[in-house]
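**Student:** Next one to model:
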Amino acid sequence: MLPQFDVAYDFSNSRAQVKIGDLTSFIDRTGKQVIKLGPYQAARSFREGLAAVYSNFEFWYIDPDGKIVIPKQSGVPKDFSEGLACVYLPVEGRLKGAYIDRSGKVVIPPRYEDCYDFSEGLARVKVDGKFGFVNRMGNLIVRPIYDSAYEFSNERARVPSGDKYGYIDITGALIIAEKYDVLSGDFSEGVAPVCIAGKCGYIDVNGKIVISAEFETAFGFRGGVAMVQNPYKIGYIDRQGKYIWKPSI
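**Tutor:** So this is what the prediction gives:
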């Protein structure tokens with residue numbers, strides 16, 4: 001596909017958002033513009049078969065054919081995750097975070113300062129400046145006591161205490177003590193990269209060290225392989241911590 005767009009985004013649900021000047025459209029994998037939006041209209045990428053379109057503090061959702069699935073309403077949209085989307089709706093002159101289902105019905109009322117994607121049945125929300133987690137019914141499962149928080153993965157979520165990080169389970173119990181540096185990451189494939197005293201390794205979901213801290217930087221596993229840096233050169237390791245591609249760049 002020859003370069004022809006001013007801006008182009010990744011494909012999702014067989015559609016990619018592109019821009020030419022101020023006009024936004026979606027193309028298929030052949031490069032054909034299959035959905036064209038009007039002037040002053042913007043969009044988010046497709047997630048779970050729907051994409052939000054918005055303009056002048058109004059939004060609606062379309063399917064990959066451009067058909068309107070959720071009618072226009074006032075507010076600011078985000079993406080769908082696990083069948084629900086966080087949207088910001090006007091309440092007494094202010095925008096509050098809520099969740100809608102795929103029909104556009106508000107299933108969790110607008111009451112949050114910020115709201116985020118669902119992951120493993122729970123979503124981060126911000127209440128009175130602090131972060132906690134709610135379930136799909138809007139019940140607070142983890143009280144909003146954290147200055148920041150990350151989404152759940154492998155039934156663990158990274159949370160801070162001061163400038164250190166630990167991990168809670170889906171009940172909110174602290175499973176892994178808050179002793180790791182900010183460069184630590186989330187769980188994937190049962191392990192998480194953690195850093196302490198300037199060196200990074202990997203722990204399992206119970207906090208046991210499974211790959212010793214010997215890297216300058218470490219990233220999450222994907223397909224049984226993780227990227228590491230030591231000190232500035234990039235390499236790749238397997239689940240035993242052995243190099244399958246030694247640092248070379």
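
**Student:** how far does the helix or strand hosting Val210 sit from the chain's center?
**Tutor:** Per DSSP states H and E: Val210 is located in strand 209-215. Remark: strand 209-215 is offset 26 Å from the chain centroid, using CA atoms, centre = their mean, to the nearest Å.

**Student:** now swap in stretch 6-20 and tell me
**Tutor:** Worked out by CA atoms, centre = their mean, stretch 6-20 lies 19 Å from the chain centre.

**Student:** Check stretch 48-60 too.
**Tutor:** On CA atoms, centre = their mean, the centre of stretch 48-60 falls 18 Å from the chain's centre.

**Student:** now do stretch 122-132
**Tutor:** 15 Å.

**Student:** before we move on, the earlier item: so which elements touch the strand holding Val210?
**Tutor:** Secondary-structure packing of strand 209-215 (3 or more CB pairs under 8 Å, 6 or more residues apart in numbering; DSSP states H and E): strand 191-196, strand 199-204. Every residue, glycine included, has its C-beta placed from N, CA and C.

**Student:** If we use 10 Å, what do you get?
**Tutor:** If contacts are counted by 3 or more CB pairs under 10 Å, 6 or more residues apart in numbering; DSSP states H and E, strand 209-215 sits against strand 191-196, strand 199-204, strand 226-229, strand 234-237.

**Student:** Highest mean neighbour count out of the ones you listed?
**Tutor:** strand 191-196 (a mean of 23; mean count of other CB atoms under 10 Å).

**Student:** re the thing from before, go through the helices and strands packed on strand 209-215 and name the closest to Ser119.
**Tutor:** Ser119 sits nearest to strand 191-196 of all those, at 14.6 Å, using CB to CB.

**Student:** just to revisit the earlier point, now the helix or strand following the strand holding Val210: mean pLDDT?
**Tutor:** Toward the C-terminal end, the helix or strand that comes next after strand 209-215 (DSSP H and E) is strand 217-218. Averaging pLDDT along strand 217-218 yields 96.

**Student:** What strands line up against strand 217-218, and which way round?
**Tutor:** Neighbouring strands of strand 217-218 in its sheet, by DSSP bridges, are strand 226-229 (antiparallel).

**Student:** what's in contact with the strand it pairs with?
**Tutor:** 185, 188-189, 191, 193, 200-202, 211, 214-221, 234-239, 241, 243-245, 247, 249 (CB atoms under 10 Å, 6 or more residues apart in numbering).

**Student:** Send me that strand as PDB with only the CA atoms.
**Tutor:** Extracted in PDB, the C-alpha atoms of strand 226-229 (Å, rounded to 0.1, in the frame of the first residue of the first chain):
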ATOM      1  CA  ALA A 226      10.800 -11.500  26.700                       C
ATOM      2  CA  MET A 227      12.900  -8.600  25.600                       C
ATOM      3  CA  VAL A 228      15.700  -7.400  28.000                       C
ATOM      4  CA  GLN A 229      18.400  -4.800  28.000                       C
END
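
**Student:** Check the model's average confidence along that strand for me.
**Tutor:** Strand 226-229 shows a mean pLDDT of 97.

**Student:** Check Tyr232 and give its pLDDT.
**Tutor:** Looking at Tyr232, its pLDDT stands at 83.

**Student:** Spatially nearest residue to it, not counting backbone neighbours?
**Tutor:** Glu216 (7.3 Å; CB to CB, 6 or more residues apart in numbering).

**Student:** How much space separates Lys199 from Tyr116?
**Tutor:** 31 Å (CB to CB, to the nearest Å).
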